[in-house]
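J.: Based on what follows, work out the 3D shape:
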Amino acid sequence: YWLFWSCYNLDVNKNNFIQLFNKDLDSEFWWEIKVGKLLGIIENNGDGYKLTDKGAYLFHLVEQKYTNQYIDKTWRMARKTPWPKKIVLY
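T.: You can find the predicted model right below:
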């Protein structure tokens with residue numbers, strides 16, 4: 001969740017990750033970071049990583065799909081039944 005919204009803001013801050021999770025971002029996501037760099041979708045920015053223009057574009061496509069499948073459905077259900085006990089996403 002944290003990583004998704006950090007990417008949404010186009011900035012993945014290592015210090016924020018340590019403060020929140022008491023873990024090292026590079027150790028926890030070493031594979032994803034390596035692949036992201038190789039694909040040219042992230043780059044170092046001093047404090048962590050930022051999404052490149054290509055990365056921002058691709059993330060936007062994923063974010064739109066995620067929003068349509070999960071967030072929109074959750075809001076729709078909650079408007080019909082405030083505080084539903086269960087929401088089936090699939």
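
J.: how about the helices in this protein?
T.: With DSSP state H, the ranges of helices along the chain come out as 2-8, 14-21, 25-28, 30-39, 53-66, 72-80.

J.: List the contacts of the residue lying closest to residue 36 once chain neighbours are set aside.
T.: Leaving aside its sequence neighbours, residue 36 sits nearest to residue 42 (CB to CB, 6 or more residues apart in numbering; 3.9 Å). C-beta: built from backbone N, CA, C; applies to glycine. Neighbour list for residue 42: 12, 33, 36, 49, 50, 51, 52, 55 [criterion: CB atoms under 8 Å, 6 or more residues apart in numbering].

J.: lowest-confidence stretch among the helices of the chain?
T.: Lowest mean pLDDT within those: helix 72-80, a mean of 85.

J.: Now do it against helix 53-66, angle only.
T.: In terms of direction (axes from the mean of the first three to the mean of the last three CA atoms, to 10 degrees), helix 72-80 departs from helix 53-66 by 40 degrees.
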